[in-house]
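[1] Starting from these lines, generate the structure:
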Amino acid sequence: MDVRILKSEVNGKATPPPSKSYTHRAFIAAALSPSAVVENPLISNDTMATLNACRFIGARVARKGRFIAFRGVEEVDAMGYINVENSGTTLRLFLGVLSHSKHLCVIDGDASLRKRPNRTLALALNKLGAKVWGDEEFRAPLKVCGIIKGGKVSLRAESSQFVSSLLFSLPLASFDSEIAVEEVKSRPYIDITIHVLEESGVIVEKEENEFFVPGQQYYSLKRFSVPSDFSSASYLIAAGLLAGKVEVLNMFESMQGDRRIVEIAREMGGEVRWDKGKGVIVAERSELEGIEVDAADVPDLVPTLAVLAAVAKGRTTIYNAEHLRIKEIDRIEGCYANLKSLGINVEKRRDGLVIEGGNIEGGVVDSFGDHRMALAFSLLGLVAEKGVLVKNAEVVSVSFPNYFDILKSISAKLEIER
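    Below you'll find the predicted structure:
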């Protein structure tokens, strides 16, 4: 499916979907607890992969409106093959969970997921007593079985998901564990993991980049309400900044690092107001200026920031984002290609982008199979004289299934070409 976004004046209210990161983690904690309810989860391709993985380990799941009820497992006793499609989060978190099964499991994904390396995590799990087999970079498909025992491990976390995987699995280990992280990116995602663990009665002690996890713990999540997703909200905030006025609803404080979009937008000169008590963010059309952004903890905001930088006055430098190269695609390359396609002066670096803002005439961009490419670069159609055609736009369903319907609801002009 291709979607053409035409120059538009937007105005209206919109509610972003629930947090994908929180939904993944709440599902896993619920599946490991005796009985739990997850309220307001995101239902998307990626989170359904995690829900199916929860069933794979033996959890019973029932959907009741905005709630999903779980009867969890007393122990992980899975066996066989599971395909988690395009969800890297599911694969990595469940590598840790499946390290508690005595039986052999094979965890696989689609062609894109099979390109993503998991070597650091696999070696850490093996050192802690599990057995993980794969190619040199431990790309899917991977064989895994347990049983992970615990202990001490040091790792360089190219992805925060590696740390989160260990934090989910080690509380169930026989012995206490210590994790020393030499370098950590996307730290807020680890904070989200710890938040869900705390809600589940699981103890994790942290001191800077070291984590102590007592063994022989039990999960006891009872009820968890998933907050709205700030990375998804960033597209709606950007729509307001570029082309009119948007009120983004149900935006309350949480551990999500992407809430920093409000601060960054203001640094760029954007008119953004956040009533935290009411959970309302209002973004209005603004004259933006280029800035420097350290993206170490906000990698999912980079496509949105690249779009804002494309229309900002002057130069925007996005740095410390080399971990974007091991996402669904190499997102630095993806942003670079789409900006160049629209005639924007952009330089790519190993760890980011340097973007000179300018007028957008219009043109064609591609999702490259990555939801964040489609979500972010569609927004430039709102200000492009000739509009922007987004190729392979159906991938927005990974994290924001009703995105184009919401754009229509705030008066964006668009045409869907099937």
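
[2] burial count for residue 15?
    Applying the criterion other CB atoms under 10 Å, we find 17 residues in the vicinity of residue 15. Every residue, glycine included, has its C-beta placed from N, CA and C.

[3] low-confidence ranges in this structure?
    Judged by pLDDT under 70, the chain has no weakly predicted residues.

[4] what's the nearest residue to residue 55 once chain neighbours are set aside in contact with, if anything?
    Counting by CB to CB, 6 or more residues apart in numbering, residue 61 is the residue found nearest to residue 55 once chain neighbours are left out, at 5.9 Å. Residue 61 sits next to 31, 51, 54-55, 68-71 when contact means CB atoms under 8 Å, 6 or more residues apart in numbering.

[5] Please repeat the previous calculation with a cut-off of 7 Å.
    Contacts for residue 61 were tallied using CB atoms under 7 Å, 6 or more residues apart in numbering; they are 51, 54-55, 68, 70.

[6] so is it in a helix, a strand, or just coil?
    The assignment at residue 61 comes out as strand when based on DSSP: H, G, I helix; E, B strand; the rest coil.

[7] ok, it to residue 414 distance?
    With distances taken as CB to CB, to the nearest Å, residue 61 is found 35 Å from residue 414.

[8] Helices of this structure, residue ranges please.
    Counting by DSSP state H, the chain has helices at residues 20-31, 45-56, 88-98, 119-127, 160-169, 187-199, 230-243, 261-267, 302-311, 331-341, 371-377, 403-409.

[9] What is the longest strand that the chain contains packed up against?
    Taking DSSP state E as the criterion, the chain has its longest strand at strand 177-184. Contacting strand 177-184 under the criterion 3 or more CB pairs under 7 Å, 6 or more residues apart in numbering; DSSP states H and E are the following elements: strand 152-157, helix 160-169, strand 210-213.

[10] Hmm, residue 225 is touching residue 38, no?
    No: applying CB atoms under 7 Å as the test, residue 225 and residue 38 come out as separate, 8.0 Å apart.

[11] So for these two, which sits in the more crowded spot?
    Neighbour comparison, residue 225 and residue 38: the larger count goes to residue 38, with 26 against 15 (by other CB under 10 Å).

[12] which of the contacts of residue 61 count as buried?
    Buried residues within the contacts of residue 61, counting neighbours by 16 or more other CB atoms under 10 Å: 51, 54, 68, 70.

[13] Just the closest of these to residue 380, please.
    Sorting the buried ones among the contacts of residue 61 by how near they are to residue 380, with CB to CB, puts residue 51 at the top with 33.8 Å.

[14] which non-adjacent residue is nearest residue 54?
    What sits nearest to residue 54 in space, not counting adjacent residues and going by CB to CB, 6+ apart, is residue 31, at 3.8 Å.

[15] Now for that neighbour: which residues touch it?
    54, 57, 59, 70, 72-73.

[16] got TSV for these, with distance to residue 95 too?
    Formatted as TSV, the contacts of residue 31 follow (distance: CB to CB, whole Å):
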residue	distance to residue 95
54	15
57	12
59	17
70	21
72	19
73	17
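
[17] that older thread, can I get the helices of the chain in JSON lines with distance to residue 10?
    Shown next, in JSON lines, are the helices of the chain (distance: least, CB to CB, whole Å):
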{"stretch": "helix 20-31", "distance to residue 10": "24"}
{"stretch": "helix 45-56", "distance to residue 10": "27"}
{"stretch": "helix 88-98", "distance to residue 10": "31"}
{"stretch": "helix 119-127", "distance to residue 10": "41"}
{"stretch": "helix 160-169", "distance to residue 10": "33"}
{"stretch": "helix 187-199", "distance to residue 10": "29"}
{"stretch": "helix 230-243", "distance to residue 10": "5"}
{"stretch": "helix 261-267", "distance to residue 10": "16"}
{"stretch": "helix 302-311", "distance to residue 10": "14"}
{"stretch": "helix 331-341", "distance to residue 10": "21"}
{"stretch": "helix 371-377", "distance to residue 10": "15"}
{"stretch": "helix 403-409", "distance to residue 10": "8"}
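
[18] Deepest-packed of the helices and strands packed on strand 177-184, please.
    Relative to the other members of the helices and strands packed on strand 177-184, helix 160-169 carries the highest mean neighbour count by mean count of other CB atoms under 10 Å, namely a mean of 27.

[19] Of the helices and strands packed on strand 177-184, give the one that comes closest to residue 365.
    Distances from residue 365 to each of the helices and strands packed on strand 177-184 were compared using CB to CB; the minimum, 27.2 Å, belongs to helix 160-169.

[20] helices and strands around that closest one, which ones?
    Contact here means 3+ CB pairs under 7 Å, 6+ apart; on that basis helix 160-169 packs against helix 88-98, helix 119-127, strand 177-184, helix 187-199.

[21] Tell me which other helices or strands the first one touches.
    By that I understand helix 88-98. Applying 3+ CB pairs under 7 Å, 6+ apart, one finds that helix 88-98 makes contact with helix 20-31, helix 45-56, strand 105-108, helix 119-127, strand 142-145, helix 160-169.

[22] which residues pair with residue 133 across the strands?
    Taking DSSP bridges, one finds residue 143 as the beta-bridge partners of residue 133.

[23] so how far is residue 119 from it?
    The separation that residue 133 has from residue 119, given CB to CB, amounts to 12 Å.

[24] Residue 153 too?
    Spatial separation of residue 153 from residue 119 under the definition CB to CB is 14 Å.

[25] Kindly report the same for residue 80.
    Counting by CB to CB, the gap from residue 80 to residue 119 is 24 Å.
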